[in-house]
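Engineer: Give me a 3D structure for the following:
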Amino acid sequence: QVHLEESGGGLVRSGGSLRLSCVTTGITFSAYLLSWYRQASGEEREFVAQLTPFGGMSDYADAVKGRFTISRDNAKNTMYLEMKMLKPEDTATYYCNAARSTGSDLYSYWGQGIQVTVSS
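Structural biologist: Okay, here's the model as predicted:
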């Protein structure tokens with residue numbers, strides 16, 4: 001059974017840092033595209049960052065470039081989101097996602113989400 005679980009969220013002051021973790025079970029972790037999304041209250045879920053398998057290419061939303069870093073530890077089946085210089089507008093529920101396409105099939109799994117609150 002596939003399971004993704006985030007941790008590391010919480011309350012931080014503006015300018016502070018947090019590191020989110022997402023531990024996965026039940027998938028061939030190294031073969032998956034890993035992503036972080038977030039959803040602020042009353043808003044739609046939005047893309048934050050992604051990291052490809054094998055080549056390790058990363059991509060970021062403009063709003064977080066230069067402040068957030070996505071990484072993976074294949075030995076621990078865990079992805080991370082290092083967040084620095086946090087702003088109040090980064091306040092949201094953060095979700096990790098693992099996705100893989102095998103041609104005709106798309107596998108996409110989500111964590112349950114974790115709250116990050118940045119106070120001004």
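
Engineer: longest single strand anywhere in the protein?
Structural biologist: strand 92-101 (DSSP state E).

Engineer: Give me the mean pLDDT for whichever helix or strand comes after it.
Structural biologist: Of the helices and strands lying after strand 92-101 in sequence (DSSP states H and E), the nearest is strand 106-110. Mean per-residue pLDDT for strand 106-110: 96.

Engineer: The helix or strand just after strand 106-110 - contacts with which helices or strands?
Structural biologist: Moving toward the C-terminus from strand 106-110, the next helix or strand (DSSP H and E) is strand 114-119. The contact analysis (3 or more CB pairs under 8 Å, 6 or more residues apart in numbering; DSSP states H and E) places strand 114-119 against strand 10-13, strand 18-25, strand 92-101. The way it works is simple: take the backbone N, C-alpha and C, and place the C-beta from them, glycine included.

Engineer: For Gly113, which of these is the nearest?
Structural biologist: Distance to Gly113, taken as CB to CB, is lowest for strand 92-101 among the helices and strands packed on strand 114-119, at 4.3 Å.

Engineer: Skipping its backbone neighbours, what lies nearest Leu81 in space?
Structural biologist: Once flanking residues are discounted, Leu81 sits nearest to Leu20: 4.3 Å by CB to CB, 6 or more residues apart in numbering.

Engineer: hmm, I was thinking of Tyr60
Structural biologist: Nearest to Tyr60 is Ala49, by CB to CB, 6+ apart, at 4.8 Å.

Engineer: quick one: the one helix or strand that neighbour maps to to strand 18-25, angle?
Structural biologist: Following DSSP H and E, one finds Ala49 within strand 46-51. Between strand 46-51 and strand 18-25, the angle comes out at 70 degrees (axes from the mean of the first three to the mean of the last three CA atoms, to 10 degrees).

Engineer: So in that sheet, which strands flank strand 46-51, and in what orientation?
Structural biologist: strand 33-39 (antiparallel), strand 58-60 (antiparallel) (DSSP bridges).
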